[in-house]
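Asks: how would this look folded up:
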Amino acid sequence: MLHLLPLSTLLLLRTIVATPTPVPEPQPESTPESDPLPLIIWHGLGDNYAADGLHTVGDLASEINPGTYVYYIRLDESPDSDKTATFYGNVTSQLAQVCAALAADPILSTAPAVNALGFSQGGQFLRGFVERCNVPKVKNLVTFGSQHNGIAKYQLCGATDWLCKTYIGLLKANTWGHWVQNHLVPAQYFRATDDDTGEPTQEYLENSNFLADINNERAEKNATYAENIASLEKFVMYVFEDDTTVVPKESGWFAQTNISSGEVTRLRERRLYKEDWIGLRKLDEKGGLVFKTTEGGHMQLSDEVLTDVFKTYFSPTKGSSREEEQVEL
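Replies: Numbering: from 1, shown residues only. Now for the predicted structure:
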């Protein structure tokens, strides 16, 4: 027996058959390669994580690479206390605190990697983070006016900067004393050298709380430090042409300067490089070590320079593909 369907049902079936189901167009998947990596920024001496100037830098990074998560490293949620910590504190303890904070951040801890930007002393502290922790893993590290090979003189203070004058007085009184090396930040990256040879003094090697360790200058080397630095894709070091705050300014390129004679021993001529104490030679051999200069005095940075950094080293599409223009050292 033939069963006839109601007219309404026939019309519905005709519509279904006549109108093919649209096939959705494939959507591009979001991948770590297409999204900007998070950016961690560590400020310098006398600054704080909430400063307008620092956030202007972060805003520019987000403008150049939309979607960038910017994390401003801080040692205290109070901006005033964070500023004080740039003068007073144990750098080893401070770095351990930062390592724990970054590893616990829900965004940083789940990212495939991060980029890092360090200003002045924040640059060598970020390098210390790479060597000692590197969780989250740093892909590209850029430093401006940092003291990677330490300082040979303490900075001059402003006429009314009593905080600066107080700690400079303490520093000069007893740089290698236990209390100073555990409480005054600049003393922990002060590097004393022999006037005749330019080599570090035994007093520095025995008592330095921070720099002698992260530069692997002591007899016993930490192999992890070298492995972590060599794992970077790019380590970009900017020196300010007219820098008179960092003495010697060539410290920003790991150069060793004899203060008495003014003779500069470039990085590639040093044992630190030749014996690859911290992985710089291995990184250099794969094209990852970049030496740059920029005009002006210490931390006189233009938007043009920062824009170039964000496009060249932190862009998810351009990354490290561009040929580098380097200063020959």
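Asks: In CSV, list the C-alpha atoms belonging to stretch 181-201.
Replies: Taking Å, rounded to 0.1, in the frame of the first residue of the first chain, the C-alpha atoms of stretch 181-201 are listed here in CSV:
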residue,chain,number,x,y,z
GLN,A,181,77.4,42.9,49.9
ASN,A,182,74.1,41.6,51.4
HIS,A,183,72.2,44.9,51.6
LEU,A,184,73.3,47.5,49.1
VAL,A,185,72.4,46.6,45.5
PRO,A,186,75.0,48.5,43.4
ALA,A,187,77.8,47.0,45.5
GLN,A,188,76.7,43.6,44.3
TYR,A,189,77.6,44.4,40.7
PHE,A,190,80.7,46.5,41.5
ARG,A,191,83.8,44.9,40.0
ALA,A,192,87.3,45.8,41.2
THR,A,193,90.3,45.1,38.9
ASP,A,194,94.0,45.2,39.2
ASP,A,195,95.5,48.5,38.0
ASP,A,196,98.3,46.8,36.1
THR,A,197,96.6,43.8,34.5
GLY,A,198,92.9,44.9,34.5
GLU,A,199,92.0,41.5,35.8
PRO,A,200,89.5,41.1,38.7
THR,A,201,90.9,41.3,42.2
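Asks: List the buried residues of it.
Replies: 181, 183-193, 198, 200 (16 or more other CB atoms under 10 Å). Every C-beta, even on glycine, is put in place using the N, C-alpha and C of the backbone.
Asks: which residues are contacting that stretch?
Replies: Here stretch 181-201 makes contact (CB atoms under 8 Å, 6 or more residues apart in numbering) with 45, 85-91, 121, 124, 147, 149-152, 154-155, 167, 170-171, 175, 180, 203-204, 207-212, 217, 256-261, 263, 265.
Asks: just how off-centre is that stretch within its chain?
Replies: Taking CA atoms, centre = their mean, to the nearest Å, one finds the center of stretch 181-201 at 22 Å from the center of the full chain.
Asks: And the buried residues of stretch 181-201, which is closest to K292?
Replies: Of all the buried residues of stretch 181-201, K292 sits closest to Y189, with 21.0 Å by CB to CB.
Asks: For that closest one, give me the backbone phi and psi.
Replies: Dihedral pair for Y189: phi -130, psi 20, per degrees, to the nearest 10.
Asks: Where does pLDDT dip in the stretch 201-329 of the chain?
Replies: Applying pLDDT under 70 to the stretch 201-329 of the chain flags the ranges 318-329.
Asks: Mind doing that once more with 80?
Replies: 259-262, 317-329 (pLDDT under 80).
Asks: Show me where it has its strands.
Replies: For the stretch 201-329 of the chain, the strands defined by DSSP state E, counting those that start in this stretch occupy 234-240, 256-257, 264-265, 289-294.
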